[in-house]
Every structure is written in C-alpha cells, then in structure tokens.
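In: Next input, structure requested:
(one chain, ligands or ions: 2)
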Amino acid sequence: MRYLHTMVRIADIDAALDFYCNKLGMKEVRRQENEQGRFTLIFLAAAHDEASGRADKAPLLELTYNWDSEAYSGGRNFGHLAYEVDDIYETCQRLVDQGVTINRPPRDGYMAFIKSPDGISIELLQKGAAKEKAEPWASMPNTGSW
Ligand SMILES: C[C@@H](O)C(=O)SC[C@H](NC(=O)CC[C@H](N)C(=O)O)C(=O)NCC(=O)O
Ligand code: NI
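Out: Ligands and ions are numbered 1, 2, ... in the order given. Coordinates of the predicted model:
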C-alpha cells in the first residue's frame, strides 16, 4: 500500500491557494471539476517534491471545494499536516511578513505551527538537527492554539 494524499475541505479556493501555494510554496499538479457532484478537487505537491520530479509519487494534499457552501468544524481526531523546511527561522519570518500568524513559534529552533484559512494545523519542522536557539523566536509566546 502506498500513501497517496490527505484531503481537507476548503471554504474558498483563492484563499486556500494563496496560503498553500503563495505562502507555503506548494504547486498545483491537477484539478478535477465535478459538475454532477458540484465540487472541485485540487491536488497540491510540496515544492521539493514537484521540483525533484516526484510529484507523481509523493504524498499530495487534496483540497476539496464544495460549490454549495458548508460550515466545516474541526474534529479533535485530526491533528495536522507536517512539512519539512530548510530553515525554520527564515520560513517563519517570511510567513510573518506575509501576514501569517505563527501560533507556536520555533522557540526550540525545530518546530512551529501555523493554521490554514480553514483552521487546519500545519506543522513546520526544521530539516535535520534543530537550529541554535535565537531571538526573537526563543522567547516568543504562543499565539492561541494550533
Ligand atoms: C479523487 C479522490 O481522491 C477523492 O477523494 S474523491 C472522494 C469523494 N469526494 C467527494 O465526493 C468530494 C465532495 C464531497 N461533497 C465531500 O465534501 O467529500 C468522496 O467520497 N468524499 C467523501 C469523503 O468523506 O471524503
Ligand atoms: Ni481523495
């Protein structure tokens, strides 16, 4: 068995693509419009996987947009999506500059949490060993929950 994708439902395509593509650097690899079911599926690959030509083998993120709006509430049974980053401090600073809230700052030089426009928790993990602790991150408080 091979892991294929994780599906999350989104309330707004533009807001979701701005977050996952413009801010997290993910790439749209395919899209399916379903007239009968009145929904759109958008499959995203992490930039690293797309750039290395592995998007057809790597786990994808499947965004489901229902044309008839629904209220989505997060169940505690779903935790987060996790992505590896080359530099956790540079990534978090760039996200802050783009207006993203860092709910759990990388005080340890290793792990940070943000949330998507639909409230999906996204875990960002430093590639390899944790970075040296550095300000302002080392003493930055949490912002809400994640
Ligand atoms: C293409 C394949 O990866 C799918 O996930 S299709 C699964 C299918 N999705 C839908 O019908 C999307 C619209 C639906 N209203 C929804 O919000 O899911 C499906 O069976 N979805 C049910 C589910 O629980 O995933
Ligand atoms: Ni699916």
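
In: so where does the residue of the chain positioned farthest from its centre fall, helix or strand?
Out: When distances are taken from the C-alpha mean of the chain, Gln36 lies farthest, 28.8 Å away, according to C-alpha atoms, centre = their mean. Under DSSP states H and E, no helix or strand contains Gln36.

In: With the one 4 residues further on instead?
Out: In this structure, Thr40 sits in strand 39-45 according to DSSP H and E.

In: Residue numbers of the protein in contact with ligand 2?
Out: Proximity of the chain to ligand 2 (C-beta under 5 Å from the ion) is limited to residues Met7, Glu62. For the C-beta atoms, the positions are set from N, CA and C on the backbone; glycine is no exception.

In: pull the helix or strand with minimum mean pLDDT from the chain.
Out: helix 47-51 (a mean of 90; mean pLDDT, DSSP states H and E).

In: now the helices: where do they sit in the chain?
Out: 13-17, 47-51, 88-97 (DSSP state H).

In: Figure out which of those is closest to ligand 1.
Out: helix 13-17 (13.6 Å; C-beta to the nearest ligand atom).

In: And for that closest one, what's in contact with it?
Out: With contact meaning C-beta atoms under 8 Å, 6 or more residues apart in numbering, helix 13-17 is reached by Ile10, Glu28, Thr40, Ile42, Leu63, Tyr65, Ser116, Pro117, Asp118.

In: For ligand 1, see how far away the fourth one is.
Out: As for Ile42, its distance to ligand 1 is 11 Å (criterion: C-beta to the nearest ligand atom, to the nearest Å).

In: could you list every residue that touches that residue?
Out: Ile13, Ala16, Leu17, Glu28, Arg30, Arg31, Glu62, Leu63, Tyr65.

In: What of the fifth one?
Out: Contact analysis of Leu63 by C-beta under 8 Å, 6+ apart lists Met7, Val8, Arg9, Ile10, Ile13, Ala16, Leu17, Tyr20, Leu41, Ile42, Phe43, Leu44.
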